[in-house]
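J.: Would you be able to build a 3D model of this:
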Amino acid sequence: MRCVTVATCQLNQWALDFDGNSERILKSIELAATAGASYRLGPELEITGYGCNDHFHESDTVDHAMEVLAMLIEKSPLGMIVDVGTPFIHQGARYNCRVLYRNKKILLIRPKMHLAMDGNYREGRWFTRWMNRGKVTETSLPKVIRDVTGAAKAPFGDGYVALLDTAIGVETCEELFTPESPHIPQSLNGVEIFGNGSGSHHELRKLNQRLDLIRSGTKKTGGLYLYANQQGCDGERVYYDGCAMIVCNGELLAQASQFSLSDVEVLTATVDLDTVTTYRTSIMSRSAQSAEAPPYDHVDLNVEATRPGGELTAPFAEPRIHSPPEEIALGPACYLWDYLRRTGLSGYFLPLSGGIDSSSTACIVASMCHLVYDACAAGEAQVLADLRRITKQPDDWVPSSPQEIAGFVFYTAYLGTRNSGDATRGRSKGLAVEIGSVHMDLNIDAITDALVAVFTTFTGFKPSWNASTSEDLALQNIQARVRMVTSYMIAMLGPMARGRSGGLLVLGSGNVDEALVGYLTKYDCSSADINPIGGICKTDLREFIQYSIDKFGFATLQSIFEAPPTAELRPTEEGEAAQTDEDDLGMTYAELTEFGKLRKIFKCGPISMFHKLQSLWSHLSPEEVAGKVKRFFVRYAQNRHKTTVLTPAYHCENYTPDDNRFDLRPFLYNSWWPWQFRKLDEEVRRLATIAAVAPAAPTNEPKE
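T.: This next block holds a predicted model:
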């Protein structure tokens, strides 16, 4: 037997937090060493934090990273290979690197070869990719590293570390997703252990893809594969969702949590590497490819990583994969906790209208409170220390319930007008009571009336309802914008009014579908500090509400789920809301989701979207489908400018219109799309002509 114990981890790193990042790295190294690991793997760019972005251009960032690396090399236990992620300068170019060291000696600095450049990723803006596959050269080490290692140079390039009894190879995050992943040629050169330090963020339904790639990759090549990831909010719109794992020959041996409030989570497994040899040699076609594989540069290390025996890790029965409603309950909640504890503020404020969207946001905060309570009950010292600091409670205080936590960190308000209904007011209050938030019921008519009066005084014109579209919209928008201003005043002074200190972060609650077509008022209460649901579609939010009814027992959510979505900005008619969201939009939320996916994921313009919807919506005529496509693109183009000021939203859906980085498009369009719509009309006429001359479908009626 060749038994080896290996360790991977997930760390809640924070961009540029060199003190905190180094402490978490050291803790993971110590835990791995205590478990008897021969090899410890950490996340991508764990020293700096992944989300430094343009700070990577600053020499300070790399200099501080080298200072931390020197400290890690100095303090790491002897006898274990440590693999850390950091930026590194080689020959005047900056690389995203893995640094493998042991006993104060750098074994290999391995630069990333394939950079992530899609979606939220812009690695090519900050890093150079290494293009010499399978080749290792030398690099000069900075003085701070020379002083610790006693060496002036170290191996640099795409290679692996060859020990006396096994070999360790490296690939980084995106490289796993490429068609020719580095672990394939490495495996053909005899590498048995692969480390992938990653910085991969959460999206709904994404974990399956990650699991499938690792399991299928090692099932094809054989080998022991370690995956590390960041976990948490490191200062951007994304949440890194952990789920470190260890896989051998396609079997999952260990899997860490996907969502957690723990800052450090270390995963270990003990494996007999003879099973890798047996697995590989039983596949003769693989052996033939190995025999003719071109050589791969490597670094020799004359030590052994294995031992002759040990208790082996048994495979998992099945991987743990959360349902989408669970992901919504956990991911944004963990993100909000990180965001709150790192801002130094006292909690969150939410305008709670009693509709699906704001209620979903409220339930996510409630989920955060439940997670914090459970972590405190489980003895998570850091979580309890952070909670005491945020709530300004004494060192012996322990929360008695999630509702008690909500009473400290969550403020809500119903910001009503004469157009608001008693039903939504009651639902807002009922949900607030169930969650435990500090709740207020305000009427803002006096403010909106005063603004209209000021306008009338200076212009001599008094806007009125139902007189014109412009007047209707102006009177609706002023209500929405007053809610935003009022929200920020409550956030600034709400705690003080209750004899507490500190300020609150304002939460937005607009969903991704409404942002897509601009169904929001610019600078209304969708303008906030952070929006937990801005990347989630209405369909998923409705499922999340149903989940929350069962999970948290919030009975008020049932009536919220059943009520038609309405903005309640126009005068009521016989006591009922005079508008619904889908009537205002001219399309259903389910249709909006389809439009969003086709526009972003499938890269469709009006014509290609029309053709795809023809088959998806076969119950509609070509004229009806074309009409819906036109309506969508007109609204999208007219309102695209609103995405430039969208509140930063938790990234959750891969068709979000986030203008900051994810969805780069113009915000001034010819909103009538004359060429495209003319071609669309021609296509509809062509299909009508074909249908007119097409022979009638045969029937099964017997001939007379």
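J.: quick one: Thr588 from Ala637, how far?
T.: Counting by CB to CB, to the nearest Å, the gap from Thr588 to Ala637 is 20 Å. The way it works is simple: take the backbone N, C-alpha and C, and place the C-beta from them, glycine included.
J.: Also Ser526?
T.: From Ser526 across to Ala637, the span is 20 Å (CB to CB).
J.: So for these two, which residue has more residues nearby?
T.: Ser526 (27 against 20; other CB atoms under 10 Å).
J.: pretty sure Ala413 belongs to a helix, no?
T.: No. Read with DSSP: H, G, I helix; E, B strand; the rest coil, Ala413 is strand and lies in no helix.
J.: check contacts around the closest residue to it other than its chain neighbours.
T.: Distances taken as CB to CB, 6 or more residues apart in numbering place Met440 nearest to Ala413, at 4.2 Å, with adjacent residues excluded. If you count contacts by CB atoms under 8 Å, 6 or more residues apart in numbering, Met440 has them with Tyr411, Thr412, Ala413, Tyr414, Ile490, Gly494.
J.: List the buried residues in the worst-scoring helix or strand of the chain on mean pLDDT.
T.: Least confident element among the helices and strands of the chain, by mean pLDDT, DSSP states H and E: helix 581-585 (a mean of 82). Of the residues in helix 581-585, those with enough neighbours to count as buried (16 or more other CB atoms under 10 Å) are Asp581, Glu582, Leu585.
J.: circling back to that earlier point, out of the contacts of Met440, what pair is the most spread apart?
T.: The largest separation in these, counting by CB to CB, is between Tyr414 and Gly494 at 14.0 Å.
J.: State the distance from the closest residue to Arg122 other than its chain neighbours to Asn196.
T.: Once flanking residues are discounted, Arg122 sits nearest to Arg661: 6.9 Å by CB to CB, 6+ apart. Distance, Arg661 to Asn196, by CB to CB: 24 Å.
J.: Then Tyr655?
T.: Using CB to CB, we find Tyr655 at a distance of 27 Å from Asn196.
J.: one step back: could you dump the buried residues of helix 581-585 into a markdown table with distance to Glu304 added?
T.: Shown next, in a markdown table, are the buried residues of helix 581-585 (distance: CB to CB, whole Å):
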| residue | distance to Glu304 |
| --- | --- |
| Asp581 | 66 |
| Glu582 | 67 |
| Leu585 | 66 |
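J.: Can you tell me which of the residues you listed is nearest Met117?
T.: Using CB to CB, the buried residues of helix 581-585 come closest to Met117 at Leu585, 34.0 Å.
J.: Surely that closest one is in contact with Leu520?
T.: No. In this structure, Leu585 is not within contact of Leu520 by CB atoms under 8 Å, at 11.3 Å.
J.: so the residue nearest to Ala413 is in which element?
T.: Secondary structure from DSSP states H and E places Met440 in strand 438-443.
J.: Equivalent analysis for Ile109, please.
T.: strand 105-111.
J.: moving C-terminal of that strand, what's the next helix or strand?
T.: Next element after strand 105-111 (DSSP H and E): strand 136-140.
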